[in-house]
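Visitor: Would you be able to build a 3D model of this:
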Amino acid sequence: MANPKQLREKLSVWEVKTDPRAPLSDRQKDSFMELSTIASNRPLPIELPLDDISSFPSTLSNLALSGTDEGLLSEGLAAMDMEEEKIDNAQQFFAWFSKVENEMENAEEFSYKEHVAQFREYRQQCDQVLEEVSDALKHLEDLQHQYMFVSTKTNALHEACEQSVEEQTRLVNTAESISNKLSYFNELERMSHKLSSPTLSVTGDSFVPMLTRLDECIAYINSNPSYKESQVYLARFKHCLSKALNLVRVHVVNILQSAALQVLPKKDAIKPSDNAFTLFYGKFRTNAPRVKALMEQIEERVSKSPEYDTLLNDCHQCYFNQREILLGPSITTAISELASQHVKDHCALVRSGCAFMVRICQDENQLFFHFFSKPTDKLDILLERLCNSLYDVLRPLIIHINHLETLAELCTILKTEMLEDHVQNNPHELVAFETVAKQMLEDVQERLVYRTHIYIQSDILNYKPAPGDLAYPEKLEMMASIAESLKKESISRQSSTTSVASEQSTSITEVKENGDVQSSIVVPYTNAPMSPADLHGMWYPTVRRTLVCLSKLYRCIEKTIFQGLSQEILYVCIVSLVSASQAITKRKGPVDGTLFLVKHLLILREQIAPFHVEFAIRETALDFSKMRVAARHLIYKTNKIFKLNSDNALLEFLVEGTPQVTENYRDSKRDVDNQLKRTCEEFIRFVTDSFISELNAFLQKASVIVNLAKEGDAAKVSLRQQPFAGPDKVHGVVNTSFKQIKSKLPDRKSVV
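Guide: Sure, this is the predicted structure:
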């Protein structure tokens, strides 16, 4: 704490006249004076504790020496033991004042001094504690040195122990590794002894673990070929594996053969048409559980060793051999019986035979998976051989079928019912049947195409029409009269329809109540029937045959083949129609012949429109026309054959005579349209000539004169000067033409 004197000195420096530390302005000085005046007149507070000696010196300086406060002052001096002291002069006052200041300073610093005394005691105590701590640290340092010495010795001991433990662990691991490696080699003696035991059974609980251990030993030796005598042990282990798999092979073969033997004695006594499936599948399947457990183990190990694959193939082969022995003769007999039952109905034979083989394929697939878990291609090979029995019976019949309807129906059965319905719904089980069915379908389609070519030549191109086929327009007139008579009859019946309607409704109600007939509807002739001339029976036979043939071929053969056949059929049909039209023209005239051709071309174009195929085909041919010209030039230039220049005749022949490949597009629909267009134009030209023949002759003569006038002198050649071009002649030609049109046009309308 700073000395009070120093404080007073510092405070006095604030207001020195020269260089004051904190100078006051006049206003601040006035304010200070006013505050001093007010503070000097302020009385002491009533609550001031004058009995507190420690606080008295601090408040004594603030007391005013007024008359009213003299009692308080005397009490304060008494408290300070100064009431009896007398002050006679200034020196005594200053001494007294110094004493008072000292006492005040002592009173103010009393608490601090006490604290200082306490701190000194504390310091002495701390020094003592520090000395004791120093002694303790010295002891601790000694203990630390001793600890480090002991710790170093202990760590060395621990490291030695750890090295010993690591060495022990390494030795134990080495021993275990050697033991594990030797265990694979030591298994040889145990397995050889076990496989030589007569009590070993492949169905026992220890057989499958033994196979697993054998696989592990063989795999281990294969992965470590550098071991001593590894090849010797590998050969011995494989020998043990062969012995074990041979036991499995013998077991499975015996089961399959015994199952076949159980069925064979009873098979001859049962006809294939009887309950043969219970015998062939039910009894045979009872042996499946004893085989499937072993086969699952073998199938899982096929990838580990080729011996397993060989064993599995042998088991498959034995199984399929036994199944073929059982099913082969029975299937052949069953198909023969079906062939004898449907001698004349080839469609029923194909349908029943294919259904029979579909059932056989499905049952064989199900039976196979009762014995084995994974599929094999050998099953499809067996089923394909069994299905070939049906193919061998059906193919000779197919290649001798001549009727297009039968062949088309066979195509529908094989393509729609068998391949699309059965095979697509069960593609995995019917792979073999699909192969045979496609082969039969190809044979049927080939036969159908062959018979179609013959049909085109015999029944369409070389068709010899009967007189009734060419009876046009008599046939149409007869059918028109029949239609007219039927129309009159329908009108007469309509008058009696009202009276009969109530009776018809009563009869219908009675039929429904009896329940003998589910529906009976009487339809009166309310409308006139269609004209019989529009029915298919009125078509020319080649047109009807062409359309029937196309409709049968459309869904039976491939689109590309159909396009080629349709091109040929339509071309031949057009040729036959043209030939028939010419015959009618000779017999009845060009009008009837042309109308006949137009009618049937329109029918043909209308009926081929629903076929959603392109009737256009591309034909590739070799053009030898240039070769002919080049050969002619070669003959003319024989003297230039051996010239050694660009004018060599032989070189020109080789360059210019090369045949060219040409491609031609033929469209049957366009051929029909073109033929129809030509026929209509010919018909229009003929009818026009019959109406205005004289007018046409006049126009031809006039055109000749006009052309001459353009070429020569117009004054010499004039149309007006010609005798046939006079006004009277022209007027007569026009009147004659008008009369012919007026007289012949109604007849032509009625014909058309």
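
Visitor: The stretch 201-350 of the chain: strands as residue ranges?
Guide: Here the stretch 201-350 of the chain has no strands by DSSP state E, counting those that start in this stretch.

Visitor: Any stretches of it with poor pLDDT?
Guide: Counting by pLDDT under 70, the stretch 201-350 of the chain has low-confidence residues at 265-279.

Visitor: run the last query once more with 90
Guide: Counting by pLDDT under 90, the ranges of the stretch 201-350 of the chain that qualify are 201-234, 237-238, 241, 256-294, 297, 301-307, 325-331, 333-334, 342-344.

Visitor: what does the stretch 401-550 of the chain give?
Guide: The stretch 401-550 of the chain contains residues with pLDDT under 90 at 404, 420-429, 459-540, 543-544, 547-548, 550.

Visitor: Would you map the helices across the stretch 301-450 of the chain?
Guide: Secondary structure of the stretch 301-450 of the chain by DSSP state H, counting those that start in this stretch: the helices cover 306-341, 346-371, 377-398, 404-412, 424-425, 431-455.

Visitor: need the ones you listed in CSV with distance to residue 680 and mean neighbour count, can you?
Guide: The way it works is simple: take the backbone N, C-alpha and C, and place the C-beta from them, glycine included. CSV is the format used below for these (distance: least, C-beta to C-beta, whole Å; neighbours: other C-beta atoms under 10 Å):
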stretch, distance to residue 680, mean neighbour count
helix 306-341, 55, 17
helix 346-371, 44, 19
helix 377-398, 45, 18
helix 404-412, 33, 20
helix 424-425, 49, 10
helix 431-455, 30, 19
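
Visitor: Tell me the spacing between the residue of the chain most remote from its centre and residue 390.
Guide: For the chain, the largest distance from the centre (C-alpha atoms, centre = their mean) belongs to residue 88, which lies 131.9 Å off. Computed as C-beta to C-beta, to the nearest Å, the residue 88 to residue 390 distance reads 166 Å.

Visitor: now residue 33, what's its secondary structure?
Guide: Here residue 33 is recorded as helix under DSSP: H, G, I helix; E, B strand; the rest coil.

Visitor: Per-residue pLDDT of it, please?
Guide: At residue 33, the predicted lDDT confidence score is 80.

Visitor: Next one: it from residue 24, what distance?
Guide: Distance from residue 33 to residue 24, by C-beta to C-beta: 11 Å.

Visitor: C-alpha coordinates for stretch 465-483, PDB please?
Guide: Extracted C-alpha coordinates of stretch 465-483, given in PDB (Å, rounded to 0.1, in the frame of the first residue of the first chain):
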ATOM      1  CA  PRO A 465     -63.900 -77.200-118.400                       C
ATOM      2  CA  ALA A 466     -67.300 -78.900-118.700                       C
ATOM      3  CA  PRO A 467     -70.000 -77.400-120.900                       C
ATOM      4  CA  GLY A 468     -71.800 -76.200-117.700                       C
ATOM      5  CA  ASP A 469     -68.600 -74.400-116.500                       C
ATOM      6  CA  LEU A 470     -68.700 -72.200-119.700                       C
ATOM      7  CA  ALA A 471     -72.500 -71.700-119.800                       C
ATOM      8  CA  TYR A 472     -72.300 -68.000-119.500                       C
ATOM      9  CA  PRO A 473     -74.500 -66.000-119.400                       C
ATOM     10  CA  GLU A 474     -77.100 -68.800-119.300                       C
ATOM     11  CA  LYS A 475     -76.000 -69.800-115.800                       C
ATOM     12  CA  LEU A 476     -76.300 -66.300-114.500                       C
ATOM     13  CA  GLU A 477     -79.700 -65.800-116.100                       C
ATOM     14  CA  MET A 478     -81.000 -69.100-114.600                       C
ATOM     15  CA  MET A 479     -79.800 -68.100-111.100                       C
ATOM     16  CA  ALA A 480     -81.400 -64.700-111.600                       C
ATOM     17  CA  SER A 481     -84.700 -66.300-112.400                       C
ATOM     18  CA  ILE A 482     -84.400 -68.600-109.400                       C
ATOM     19  CA  ALA A 483     -83.700 -65.600-107.200                       C
END
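
Visitor: Return the distance of it from the chain's centre.
Guide: 61 Å (C-alpha atoms, centre = their mean, to the nearest Å).

Visitor: With neighbour numbers in mind, choose between residue 33 and residue 24.
Guide: Per other C-beta atoms under 10 Å, whichever of residue 33 and residue 24 has more neighbours is residue 24, with 13 against 10.

Visitor: Secondary structure element for that one, which one?
Guide: Using DSSP states H and E, residue 24 sits in no helix or strand.

Visitor: A strand includes the residue farthest from the centre of the chain, no?
Guide: No. Assigned with three-state DSSP, residue 88 falls outside any strand and is coil.

Visitor: so what's it up against?
Guide: Contacts for residue 88 (C-beta atoms under 8 Å, 6 or more residues apart in numbering) come out as none.

Visitor: how far does stretch 394-412 stretch from start to finish?
Guide: Start-to-end span of stretch 394-412 (C-alpha to C-alpha, to the nearest Å) is 16 Å.

Visitor: shift numbering so it begins at 798
Guide: Okay, residue one is now 798; in that scheme the one you just asked about reads as stretch 1191-1209.

Visitor: Contacts for stretch 1125-1144 next, please.
Guide: Outside of stretch 1125-1144, the residues within contact range by C-beta under 8 Å, 6+ apart are 1064, 1069-1070, 1073, 1077, 1145-1146, 1149-1150, 1153-1154, 1157, 1182-1183, 1186-1187, 1190, 1194-1195, 1198, 1203, 1206-1207, 1210.

Visitor: follow-up on the earlier one: dump the helices of the stretch 1098-1247 of the chain to JSON lines, plus distance to residue 1095.
Guide: Converted to JSON lines, those look like this (distance: least, C-beta to C-beta, whole Å):
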{"stretch": "helix 1103-1138", "distance to residue 1095": "5"}
{"stretch": "helix 1143-1168", "distance to residue 1095": "12"}
{"stretch": "helix 1174-1195", "distance to residue 1095": "15"}
{"stretch": "helix 1201-1209", "distance to residue 1095": "44"}
{"stretch": "helix 1221-1222", "distance to residue 1095": "32"}
{"stretch": "helix 1228-1252", "distance to residue 1095": "24"}
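
Visitor: quick one: which of these is nearest residue 970?
Guide: helix 1103-1138 (34.5 Å; C-beta to C-beta).

Visitor: and the angle for the closest one with helix 1174-1195?
Guide: Counting by axes from the mean of the first three to the mean of the last three C-alpha atoms, to 10 degrees, helix 1103-1138 lies at 20 degrees to helix 1174-1195.

Visitor: what's residue 1369 in contact with, if anything?
Guide: Residue 1369 neighbours (C-beta under 8 Å, 6+ apart): 1253, 1254, 1257, 1258, 1339, 1343.
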